[in-house]
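A.B. asks: Dropping the sequence and predicted coords here.
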Amino acid sequence: MPHPKRILRLDASANPADSSSRKLGDHLLGQLQRDGLPIETRVRDLNQDLLFIDHHWIAANFTAAADRDSEQSARLAFSDQLIDELRWADHIVLTTPMYNFGVPATLKAWIDLVCRAGVTFRYGSNGPVGLLEGKRVDIIITTGGVPLESPVDFVSGYLRQVFGFIGIEDVTIIGADQMNVDTEASFAGAISEIEEKYSALAA
């Protein structure tokens, strides 16, 4: 029996009941399940129970692990949990809308919690080195009116940078952009892109 592929799904939309990005994530997960290989999936809704860093968290983070007191360790416990999820995963599926040209605040909070020097990246002689290599990421992005890869898209390039920063270079972006212009065409285009990608991988 082959080792199950471990998939971490992250959903950032604040509108779970009617989220196009989440629906596309459902479709992508369905495609992954079609190849018949065993998978194990963990799901995290970034709108539930997510914490924002504060000065106490920063102080704990910059205290050496051996020197942290119990309160400081507790401050970092949730961050440790999120990082453990990333370490566990072979494949990350992130679904997110674009809000006001950027990522949702909860997704930014998650990024701040998982990008930790000495844990998910380190500083080398030539700059930062990511420590979470050998993984792959599919990012589904929906937008209302902004074309992806345009000068006012501050989501796709930013997310590529973040994942590369922690060592994950195999990043694919699937977009359903400008949905307020033509919702059906944009959504259908993203569906086709997902199916073409995973049909090609299965072939």
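C.D. replies: Perfect, I can see it now. Residues are numbered from 1 along each chain as shown.

A.B. asks: For the rest of this, base every contact and every neighbour count on C-alpha atoms.
C.D. replies: Will do.

A.B. asks: Please identify which helix or strand holds the one residue sitting closest to the centre of the chain.
C.D. replies: Central residue of the chain (CA atoms, centre = their mean): Leu94, 4.0 Å from the mean position. Following DSSP states H and E, one finds Leu94 within strand 91-97.

A.B. asks: Can I get whatever helix or strand comes next after that strand in CSV? Just the C-alpha atoms.
C.D. replies: Using DSSP H and E, the helix or strand that follows strand 91-97 in sequence is helix 105-114. C-alpha atoms of helix 105-114 as CSV (Å, rounded to 0.1, in the frame of the first residue of the first chain):
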residue,chain,number,x,y,z
ALA,A,105,-6.3,39.8,6.8
THR,A,106,-6.7,36.3,8.2
LEU,A,107,-4.4,34.9,5.4
LYS,A,108,-1.8,37.6,6.2
ALA,A,109,-2.1,36.6,9.9
TRP,A,110,-1.4,33.0,9.0
ILE,A,111,1.6,34.1,7.0
ASP,A,112,3.0,36.0,9.9
LEU,A,113,2.5,33.0,12.2
VAL,A,114,4.3,30.5,9.9
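
A.B. asks: before we move on, back to that, show me what the residue nearest to the centre of the chain bridges to in the sheet.
C.D. replies: Assessed by DSSP bridges, Leu94 has beta-bridge partners Leu10, Ile139.

A.B. asks: Which pLDDT value goes with it?
C.D. replies: For Leu94, the model assigns a pLDDT of 98.

A.B. asks: Kindly report the same for Ile141.
C.D. replies: Looking at Ile141, its pLDDT is 98.

A.B. asks: isn't it right up against Ile174?
C.D. replies: Yes. Here Ile141 lies in contact with Ile174, judged by CA atoms under 8 Å, at a distance of 6.4 Å.

A.B. asks: Looking at these two, which one has more neighbours?
C.D. replies: Ile141 (25 against 22; other CA atoms under 10 Å).

A.B. asks: ok, that one - contacts?
C.D. replies: Ser21, Thr95, Thr96, Pro97, Met98, Ser156, Ile173, Ile174, Gly175, Ala176, Asp177 (CA atoms under 8 Å, 6 or more residues apart in numbering).
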